[in-house]
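Trainee: next one to model:
(4 chains)
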Number of protein chains: 4
Amino acid sequence: MDNEHFFDLFTHTHVYDLEQPRSSEAPLLPLLVPKFSYTLHRRHEEGAEDPCTTASGFIATTDHAGTHIDALSHVAEDLSLYGGEKVTSHVQTPIGFTRMGAETIAPILCRGVLLDIAGYRGVDWINGNQPVTRQEVEAVCLHQQVTLHEGDVALIRTGNGARWHDPSGYLNGGGMQADASQWLADQQIRAVGADHLTWDTNVRMDPVYGMSMPGHIILLVRHGIYIMENLFLEDLARDQVYEFLFVCLPLKIQGATGSPIRPVAIVPRA
Amino acid sequence: MDNEHFFDLFTHTHVYDLEQPRSSEAPLLPLLVPKFSYTLHRRHEEGAEDPCTTASGFIATTDHAGTHIDALSHVAEDLSLYGGEKVTSHVQTPIGFTRMGAETIAPILCRGVLLDIAGYRGVDWINGNQPVTRQEVEAVCLHQQVTLHEGDVALIRTGNGARWHDPSGYLNGGGMQADASQWLADQQIRAVGADHLTWDTNVRMDPVYGMSMPGHIILLVRHGIYIMENLFLEDLARDQVYEFLFVCLPLKIQGATGSPIRPVAIVPRA
Amino acid sequence: MDNEHFFDLFTHTHVYDLEQPRSSEAPLLPLLVPKFSYTLHRRHEEGAEDPCTTASGFIATTDHAGTHIDALSHVAEDLSLYGGEKVTSHVQTPIGFTRMGAETIAPILCRGVLLDIAGYRGVDWINGNQPVTRQEVEAVCLHQQVTLHEGDVALIRTGNGARWHDPSGYLNGGGMQADASQWLADQQIRAVGADHLTWDTNVRMDPVYGMSMPGHIILLVRHGIYIMENLFLEDLARDQVYEFLFVCLPLKIQGATGSPIRPVAIVPRA
Amino acid sequence: MDNEHFFDLFTHTHVYDLEQPRSSEAPLLPLLVPKFSYTLHRRHEEGAEDPCTTASGFIATTDHAGTHIDALSHVAEDLSLYGGEKVTSHVQTPIGFTRMGAETIAPILCRGVLLDIAGYRGVDWINGNQPVTRQEVEAVCLHQQVTLHEGDVALIRTGNGARWHDPSGYLNGGGMQADASQWLADQQIRAVGADHLTWDTNVRMDPVYGMSMPGHIILLVRHGIYIMENLFLEDLARDQVYEFLFVCLPLKIQGATGSPIRPVAIVPRA
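Mentor: This is a model prediction of the structure:
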């Protein structure tokens, strides 16, 4: 492809928006204070001599509100981060991490794959007591005739993104069982994501791993694979788009344990 | 190009990161309280039974801190937004705009063009008393042998991005004269950006337009063209990359007057 | 009384604490974003060479959370504040009011009177459909044998303070009818307060006054009488303490529309 | 004194306001992010049907901004708080302390004493290299002919409160040497305060105590004596008021390491 065509590439594509709307009414784990708020204090007002007025506001948010990506500093196993980096007071500070903060996440531009578990099950959404298993993930790959390659991003659809506007329902949605996370890690992918609040199916102790959130440990700490949460995957599923160019551009918030994101999936226009 | 090659497209590209690092030390207009802060209150700690610990923090920021895009609600001319939408109390509310908030900005994926004004002048950076003129923008297009097309994004390099770590110097950087903004608007482009705090060269009254920030009025209000500020354009300039695929994915912060962004420029790998 | 006795005065007194505990779980009008949160990011940590460690945190709160006092800038009638001060963009700014902000409230130290309406009615608390009337306020003064003097503070007990820990119940509590506010204003007192979220019985339109929150207009705008909300009056009522020294020391938050407070009532020890 | 006179007590007094104005321009240690900001997002606006409009705003502040009191949880010595309470993850949590938070500070109403060190020295203010010593504190007590009693509050005037509006000067002000703190602690007083940012003269290592901020350790950790900082003591000194009734009513912010305060000093009117 010559340069001219390359630069016009997106003219001939369809872009799927994978971010949920960001507002104070969105589902959020109650412990994630200060939650999310947006307040507008600089306003357009009459009475100025200057015809040009500007407005601006205040975003107050936990770094894990809404559609976001976890930085590698977000989770530790026995007080070690990815690569065995020990959590010391030099690494973990009052204003964030000096290692593996959100600013260290490179832009993610790669092949993406959707695994539509809810579609495969024939349900609207997966509930908390019906987590996604490894067996099922493999079955869906076969059924959809897609293969995960090294460096890909894998997005798991639980269908819960359809009830973003119903926080109590959304919080009750089911996520990944540990064996599914382990299998995804084995594929040497770059990042995973789901239309779910916490990726892992729940935060109680996993009987096999002896810990809460084993998927977070397996992916972030043991393999350095990023996790994206609260994705919107309904349009991709409706159009049966299982492969795409995936783009996610996390903000370089120095020291943060995650970043709000607006990922997109891009396909050639039919 | 068949699908398989399409999905692997980015494997053969180089990605330029156009976001400045996001921290409380970055340059910012003093009036933009609450400025930016990140504080980490959920920490990894010893003594838990659970080997898995999670950390998370609090982002408190004006919606115009760091590298960001202005939503169309950011600026009004005689109390009208783009398209003649009058600023009423139904449009402008305590928790943001019900029209033209950041959530209405579609993902931006298109051809991008860099106009390296500082390079053309042969200076490190452009100071406040030497704004970029229309004549100069046109001369640079000729000199770089690039043409702006409808729907493109035009990035103007003033060179000030190189002194992001010197806030007082950065605040003294020069921006666009009104005629440059008008000429860019005439090209029917989709968005503009610069390595500058306010795009417009200063916020005092423009003698011709009888207002402050005429570029904001021309671009946002009169033409619906987005403005990106505080971009990092040094690497593009160093490599003389004047055309590229441009991607910017603003967060859908409901009602906000802008969004933090991490734009990228993509070129085929040599 | 000689000086020495004066300075030891409080040794022989009992102090009633009239502030409700301040936490993110407290009742609050939903529209008062960002609500209240406290997060602790500077922590005591092992591993420092210095045996002395310090901890500190982040308070993010609306200026009307919890026990608070309304500044005169809080309410306007037809866009005028107390004393006919017109609300212009010079008075009302993005960072607060230049007139009648919280910093203009002098320390309040004066005689205080409790009117125990719930006790008089013989109910635990007053619900939303049973507002406090002027007739009732006068009857309680007689029944308690107390008289309001010019410059006093009058505290009205609805009993709802007892259900602070039940936010939905608390939000359903009853407040003042407009005629009660008018009668209190006529007594030329300095401030009023109640164990209620909004003083006025509800925020719908008052049929007589043709406005919401007529008590706020009568007291703050027309008479310059401060209003304190979300007081804790249970202990005073239990001990039938109807007269006391009252002290309230609002923070001088420049431009704010109110301040969090911890008022106290002081009586000689029996 | 009979009750009637008691309740009218303050009619015949003069009240000194000891709080500095609270704004984003006030002096603050740079590490105390998020500093202080007040933004006004709910505004009085034209066009409403309801003649009654309300305004309210957002306070974002460190719990150690401006005039404030340190809670006992603020400082630890070898990871122990006052009374030997060990700092564990049950005591120190992401949303504050479960022991010795600001909500545990009782209202402070007692005899207060001003020790005017700057006046005694005959200087406008005490600079950083001239800390207040024990010897000097004792000499000032003699010179002023005042004695500290058990349960009193002792306020030390360094004179720096006069340059609150000059943050860089203020930050350079001198505080207490460790032996002065120890002597004050020996008097078994209830709280101390100063017109100084950090009480202790600086935050470097004390050669005798082998720690930074020995005064904080001596007072808060070893004796449970509260520290108030950034007081305004100029008017008291001008009027040579060395004894007074002191009132300070810290907010019951659950788990906080301190609270903003507006202390007052009260004397009989001449």
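Trainee: what about the helices in the stretch 51-200 of chain A?
Mentor: Ranges of helices in the stretch 51-200 of chain A, per DSSP state H, counting those that start in this stretch, are A:117-121, A:134-144, A:167-171, A:178-186.
Trainee: kindly reformat those helices as TSV containing mean neighbour count.
Mentor: The way it works is simple: take the backbone N, C-alpha and C, and place the C-beta from them, glycine included. Below are the helices of the stretch 51-200 of chain A laid out as TSV (neighbours: other Cβ atoms under 10 Å in any protein chain shown):
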stretch	mean neighbour count
helix A:117-121	20
helix A:134-144	16
helix A:167-171	15
helix A:178-186	21
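Trainee: these: which one's closest to A:A71?
Mentor: helix A:178-186 (17.4 Å; Cβ to Cβ).
Trainee: could you give the angle of that closest one to helix A:134-144?
Mentor: In terms of direction (axes from the mean of the first three to the mean of the last three Cα atoms, to 10 degrees), helix A:178-186 departs from helix A:134-144 by 60 degrees.
Trainee: and helix A:178-186, is it in reach of chain B?
Mentor: No: judged by Cβ under 8 Å from any Cβ of the partner chain, helix A:178-186 makes no contact with chain B; its nearest approach is 11.3 Å.
Trainee: and that helix, average pLDDT?
Mentor: Helix A:178-186 shows a mean pLDDT of 98.
Trainee: packing partners of it?
Mentor: helix A:134-144, helix A:214-216 (3 or more Cβ pairs under 8 Å, 6 or more residues apart in numbering or on different chains; DSSP states H and E).
Trainee: tell me the buried residues in stretch A:208-221?
Mentor: Buried residues in stretch A:208-221, counting neighbours by 16 or more other Cβ atoms under 10 Å in any protein chain shown, are found at A:209, A:211-221.
Trainee: what sits against the nearest residue to A:I189 once chain neighbours are set aside?
Mentor: Closest residue to A:I189 apart from its sequence neighbours, by Cβ to Cβ, 6 or more residues apart in numbering or on different chains: A:D152 at 4.8 Å. Neighbour list for A:D152: A:110-113, A:187, A:189-190 [criterion: Cβ atoms under 8 Å, 6 or more residues apart in numbering or on different chains].
Trainee: one more time with 7 Å, if that's ok
Mentor: A:110-113, A:189-190 (Cβ atoms under 7 Å, 6 or more residues apart in numbering or on different chains).
Trainee: next, A:H14: secondary structure please.
Mentor: Here A:H14 is recorded as strand under DSSP: H, G, I helix; E, B strand; the rest coil.
Trainee: partners of it in the sheet?
Mentor: Beta bridges link A:H14 to A:V267, judged by DSSP bridges.
Trainee: again with A:V113
Mentor: According to DSSP bridges, beta-bridge pairing links A:V113 with A:A154, A:E243.
Trainee: burial of it, as a residue count?
Mentor: For A:V113, the count of nearby residues is 23 (other Cβ atoms under 10 Å in any protein chain shown).
Trainee: what is the neighbour count of the residue in the stretch 151-270 of chain A that chain D sits nearest to?
Mentor: Nearest residue of the stretch 151-270 of chain A to chain D (Cβ to the nearest Cβ) works out as A:G255 at 11.5 Å. Counted with other Cβ under 10 Å, residues neighbouring A:G255 total 27.
Trainee: confirm for me that it is in contact with A:R99.
Mentor: No: with contact defined as Cβ atoms under 7 Å, A:G255 does not count as touching A:R99 (9.2 Å).
Trainee: buried ones in stretch A:143-151?
Mentor: For stretch A:143-151, the neighbour count (16+ other Cβ under 10 Å) marks A:144, A:146, A:148 as buried.
Trainee: so which of the residues you listed comes closest to chain C?
Mentor: Once Cβ to the nearest Cβ is applied, the member of the buried residues of stretch A:143-151 that ends up nearest chain C is A:L148, at 38.5 Å.
Trainee: buried residues in stretch A:234-252?
Mentor: Under 16+ other Cβ under 10 Å, the buried positions of stretch A:234-252 are A:234, A:236-237, A:241-252.
Trainee: typo on my end, stretch A:66-81
Mentor: A:66-77, A:79, A:81.
Trainee: which residues of the stretch 51-200 of chain A lie near chain D?
Mentor: A:58, A:95 (Cβ under 7 Å from any Cβ of the partner chain).
Trainee: can you give me the strands in the stretch 51-200 of chain A?
Mentor: If you assign secondary structure with DSSP state E, counting those that start in this stretch, the strands in the stretch 51-200 of chain A sit at A:52-54, A:56-62, A:68-70, A:75-77, A:92-93, A:96-97, A:108-116, A:153-157, A:191-194.
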